[in-house]
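[1] Sharing a sequence plus its predicted fold:
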Amino acid sequence: MHVFLTGSTGYIGSAVLTALLEAGHTVTALVRNEDAAASVGRRGATALIGDMRSHDIVGRAASRVDAVIATALPGDATAGQADADFVDAVLDGLSPGRTLIRTGGVWVHGSGAQITESSVIDPPDLVSWRADLDERALKARSVRSLLVEPGVVYGRGGGIPHLLASAAQTEEDGPALVLVGDGTQHWTTVHVDDLAGLYVLALTHGDAGSRFLGVSGENPTVRELGVAASHRRGLQGRVAPEAPADTVARLGAFGEALLLDQQASGELARRTLGWTPVQRSLVEELAAGGYDPR
């Protein structure tokens, strides 16, 4: 297929670009400047310089492809409006029956011990804007629309785990790594390379209107992750909990999201798409030095 991809130089999108090309798809990548264009060009994609908020650029690009995969968002308060503008442009441009795959996030389901694609939508403030847009896009009648909802993405030294690996340490009762929250909350996780494979399978095999949780089934507690990071820092596994209120004071709405207690299996993608995560767990990644300072 010919795929129009956003976020191709970002953390998730870069891995998706690799997976698409390896699977034999043709990719046009939306990038912001000439340097990014040269980078994706060297990897085998065709670059299109522009902004995801440009209705004309996005609409024209969508009209020329078989599928659109969106992995990019501004990392600020404009994210919700930018995503809505992008969806509107894609739906205006895509031919009937073509495919749109968007990137959501498991955080929209709130805390839960057995989160599935049909779990209640209970987002923290950070991603509260997602719920209505996700539903609107999935119900678009003219196209085959799907949603991938990643958990905490890790691997290749990127993503949220840096917060743990580089956390401050306290000297009370001996040096210890400061956790995010009290450490009892679970994070449902996925390696970025496994996640990229899920996008490719959703592209070729997913049914219209489907949500797929992008999670490996590994749901470590933040304390378990912190212990692994503490050992790498030479602190003998010592960790110190942080009061949730202090986490929110330090990290704001992002901190509230990180305090969610989430567990999920990703079973639907395994059963319907044949997705098989194979990368080592986040605990193993931390223990092996994947997040050591470089």
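    Here it is on my side, so go on.
[2] rest of the way, CA atoms for contacts and neighbours
    Fine.
[3] Find the helix or strand that the closest residue to A84 other than its chain neighbours is a member of.
    In space, not counting the residues next to it along the chain, A84 is nearest to L133; the distance is 6.7 Å by Cα to Cα, 6 or more residues apart in numbering. Here L133 sits within helix 130-138, counting by DSSP states H and E.
[4] Please list the residues outside that helix that contact it.
    Under the contact criterion Cα atoms under 8 Å, 6 or more residues apart in numbering, helix 130-138 has outside partners 80, 84, 87, 104, 108, 121, 123, 145-147, 208-210.
[5] rerun at 10 Å
    Residues from elsewhere that reach helix 130-138, judged by Cα atoms under 10 Å, 6 or more residues apart in numbering: 79-81, 83-84, 87-88, 91, 100-105, 107-109, 121-123, 139, 143-147, 208-211.
[6] Make a ChimeraX selection of the buried ones in those.
    Listed next is the ChimeraX selection for buried residues among the contacts of helix 130-138, using 16 or more other Cα atoms under 10 Å:
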select :79,80,83,84,87,88,91,100,101,102,103,104,105,107,108,109,121,123,139,143,144,145,146,147,208,209,210,211
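[7] So which of the contacts of helix 130-138 belong to helices?
    79-81, 83-84, 87-88, 91 (DSSP state H).
[8] Looking at these, spot the one nearest D173.
    A79 (42.3 Å; Cα to Cα).
[9] Please convert the ones in helices among the contacts of helix 130-138 to CSV, extending it with pLDDT and distance to L48.
    Rendered in CSV, the data for these read as follows (pLDDT from 0 to 100; distance: Cα to Cα, whole Å):
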residue, pLDDT, distance to L48
A79, 94, 21
G80, 95, 23
Q81, 96, 22
D83, 96, 18
A84, 97, 20
V87, 97, 18
D88, 97, 19
L91, 97, 19
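[10] farthest pair in those?
    With distances taken as Cα to Cα, the most widely separated pair in these is A79 and L91, at 18.2 Å.
[11] tell me the contacts of I69?
    For I69, the contacting residues are 3-8, 13, 16-17, 27, 29, 99-103, 146-147, 199-200, 203, by Cα under 10 Å, 6+ apart.
[12] Quick check: phi and psi at it.
    Note on I69: backbone dihedrals following degrees, to the nearest 10 are phi -120, psi 120.
[13] Look at it and report its pLDDT.
    The score at I69 is 98. That number is its pLDDT.
[14] With P293 instead?
    P293 is given a pLDDT of 80.
[15] Test my guess that it contacts L164.
    No - in this structure, P293 sits apart from L164 without contact. The criterion is Cα atoms under 10 Å, and the distance is 11.6 Å.
[16] Looking at the two, which is more packed in?
    Using other Cα atoms under 10 Å, the more surrounded residue of P293 and L164 is L164, with 22 against 11.
[17] how near is the residue lying closest to the more buried one once chain neighbours are set aside to R294?
    Excluding its sequence neighbours, the residue lying closest to L164 (Cα to Cα, 6+ apart) is G226, at 6.2 Å. Distance from G226 to R294, counting by Cα to Cα, to the nearest Å: 19 Å.
[18] The two: who's more crowded?
    Neighbour totals were compared for G226 and R294, and G226 leads with 29 against 5 (other Cα under 10 Å).
[19] quick one: average confidence on the strand or helix carrying that one?
    With the criterion set as DSSP H and E, the secondary-structure element containing G226 is helix 222-232. Per-region confidence: helix 222-232 scores 98 on mean pLDDT.
[20] contact partners of the helix or strand that that helix is followed by?
    Next helix or strand after helix 222-232 toward the C-terminus (DSSP H and E): strand 239-240. Outside of strand 239-240, the residues within contact range by Cα under 10 Å, 6+ apart are 168-183, 223-231.
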